[in-house]
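Visitor: predicted model and sequence below, questions to follow.
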Amino acid sequence: MSFIRCLFILVLFSSGAVAEEKKWNQKMKALESSLGDLLFDISSDARFDDKKNYKSIEVNAIRFAKLAHSVTGKSANSPDRDRTLELISRDFSSEADNAVQSLKAGHRAYARVILNSMTNYCIACHTRTNTGPSFAALKVDSRFEKLPPSSRGNYLVAIREFDRALIEFQKIAASESAASAAVFDYERALRSGLSVAVRVKRDPDLALKLIDFVGSNAKVPYYLKAQVGEWRKSILEWKSEKPATPVSGEALFAEATRLVARARETQKFPADRSADILYLRASGILHELLGNLPTGETGSKALYLAGLSYDVLSDYGIKDFSEFYYRSCIRNTPHTDIAKECYRRYEESVYFGYTGSGGTYIPSDVRARLNELELLSTASPDLKSKSPELH
Ligand code: HEC
């Protein structure tokens, strides 16, 4: 009898655990279907501007924002422990709210721009690294063909159909009209494609294919061709490396350290983008490492390296990514050399961000946070224990 009761409890328990595990994926599935509705609404001027659709577009946006709020990197069933999830999900939900408020206030053109950028958040999370499922040749939403080319690749990454997404990005890279119409969008598609090839697929041949389409596109401006030429060199170097797959935390850390050092050697000045491929490779490995929540100084060093990478890869991920890593590094191991180093970079980045033609103006709340972090990075632990609430 008691054995049967035990079995019963065991079954109850394990089915509960499975239900918990499924939650994240269920939310993602719901986001997928909501995103399909949203993109369909905003992809056509006629549909978006037709008064008959106003209500349903608003209802879809509200549903989408609600789902966005349900995704928080803090939840116990997050697929990994990379705190980047927390950061992205916070911005994701507040921007989705922003879109809803703009729609309600009648700022429809602005709301449309924000809604159109929603896939950036899906992409920022999904292309961090090579973990998580990827789907192939599933039946895609029948409205897919109606989307403009630039949205197709993004949509496919958002639903984790990475192979098909790469094909869309290759088509854009090869398209002369795409390169001459809006070079900003063209570059964005190229970056999304590289993020998939380098971080999700970790495949130099796929990255090479993509940039060779850019190299042979007659309408690509000179500066971008020159940049792509530098990336080509990095990819060829990558191809010549012995294919080692670092698995342990230590090996991942060693590889990320090597790649960031090589990247910094390659750059000719801090804003130089010629080492993007190296930084992308490094950041992919760092996200994998951060997913296992390394603690202590290794954790802080990994956060520091992520900060250095995103200082350069400012258009990957989301805004102020690097500052987030520096702050996390300081809080993770206060009063250490690495915390000091993280603070130095953090301060530099904040000053830079608040400096304009009229000089540097730092708002008081930002100044207060700087002071707090400076204290955490330099003051001795004794001092810290005297000031009760530092967070
Ligand atoms: C905060 C980060 C984050 C955001 C934002 C995000 N995702 Fe995800 N999503 C993930 C992660 C991580 C996984 C992989 C989970 C795993 O390892 O099983 C995933 C998995 C998925 C899956 C696969 C689910 C399954 O069946 O296994 C789909 C579909 C998906 N996401 C769609 C979306 C869409 C669409 C958006 C944007 C509208 C989005 N996601 C935004 C992190 C995110």
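Guide: Good, I have the coordinates.
Visitor: so Val247 belongs to a strand, correct?
Guide: No - counting by DSSP: H, G, I helix; E, B strand; the rest coil, Val247 falls outside a strand, being coil.
Visitor: from Lys139, how far out is the residue nearest to Arg63 when sequence neighbours are not counted?
Guide: By the measure of CB to CB, 6 or more residues apart in numbering, the closest residue to Arg63 outside its immediate chain neighbours is Ser34, 5.5 Å from it. To be clear about C-beta, it is placed using only N, CA and C from the backbone, and glycine gets the same treatment. With distances taken as CB to CB, to the nearest Å, Ser34 is found 18 Å from Lys139.
Visitor: and the two? Which one has more around it.
Guide: For Ser34 versus Lys139, neighbours defined as other CB atoms under 10 Å are more numerous around Ser34 (19 against 6).
Visitor: so the closest residue to Gly153 other than its chain neighbours: helix, strand or coil?
Guide: Spatial nearest neighbour of Gly153, chain neighbours left out: Glu168 (3.7 Å); criterion: CB to CB, 6+ apart. Judged by three-state DSSP, the three-state class of Glu168 is helix.
Visitor: again, but for Ser274
Guide: coil.
Visitor: isn't it up against Gln227?
Guide: Yes - counting by CB atoms under 8 Å, Ser274 touches Gln227, with 6.6 Å between them.
Visitor: what distance do you get for the nearest residue to Asp212 once chain neighbours are set aside to the ligand?
Guide: Nearest residue to Asp212, sequence neighbours excluded (CB to CB, 6+ apart): Arg232, at 7.7 Å. Going from Arg232 to the ligand by CB to the nearest ligand atom, to the nearest Å gives 31 Å.
Visitor: wait, what's in contact with Ile42?
Guide: Phe48, Ile57, Arg112, Leu115, Asn116 (CB atoms under 8 Å, 6 or more residues apart in numbering).
Visitor: neighbours around the last one, how many?
Guide: This means Asn116. 18.
Visitor: could you do the third one as well?
Guide: Look at Arg112: counted by other CB under 10 Å, it has 20 neighbours.
Visitor: next SSE after the helix or strand encompassing it?
Guide: Using DSSP states H and E, Arg112 falls within helix 108-116. Next along the chain after helix 108-116, taking DSSP H and E as the criterion, comes helix 118-126.
Visitor: give the next helix or strand downstream of that following helix.
Guide: Tracing the chain C-terminally past helix 118-126 and defining elements by DSSP H and E, one meets helix 149-158 next.
Visitor: gap between that next one and the chain center?
Guide: Relative to its chain's centre, helix 149-158 lies at 15 Å (CA atoms, centre = their mean, to the nearest Å).
Visitor: measure Tyr186 to Glu161 for me?
Guide: From Tyr186 over to Glu161 (counting by CB to CB), the distance is 22 Å.
Visitor: so which residues on the protein come close to the ligand?
Guide: Listed as neighbours of the ligand in the chain under the rule CB under 6 Å from any ligand atom: 24-25, 28-29, 31-32, 35, 71, 73, 79, 85, 88-89, 92, 118, 121-122, 125-126, 131-133, 158-160.
Visitor: quick one on the thing from earlier: run through the neighbouring helices and strands of the helix holding Arg112.
Guide: If you count contacts as 3 or more CB pairs under 8 Å, 6 or more residues apart in numbering; DSSP states H and E, helix 108-116 packs onto helix 2-42, helix 45-49, helix 84-104.
Visitor: quick one: low-confidence ranges for the stretch 251-391 of the chain?
Guide: Within the stretch 251-391 of the chain, the ranges that satisfy pLDDT under 70 run 379-391.
Visitor: if we use 50, what do you get?
Guide: In the predicted model, the stretch 251-391 of the chain carries pLDDT under 50 at residues 384-391.
Visitor: which single residue of it ends up nearest the ligand?
Guide: Per CB to the nearest ligand atom, Gly291 is where the stretch 251-391 of the chain lies closest to the ligand, at 9.0 Å.
Visitor: in what helix or strand does the residue nearest to that residue when sequence neighbours are not counted lie?
Guide: With sequence-adjacent residues excluded and distances taken as CB to CB, 6+ apart, Gly291 is closest to Asp80, at 3.5 Å. Secondary structure from DSSP H and E places Asp80 outside every helix and strand.
Visitor: relative to Pro246, how far out is Asp80?
Guide: Note on Asp80: its distance to Pro246, by CB to CB, is 17 Å.
Visitor: the two: who's more crowded?
Guide: The neighbour count for Asp80 versus Pro246, taken as other CB under 10 Å, is higher for Asp80 (18 against 15).
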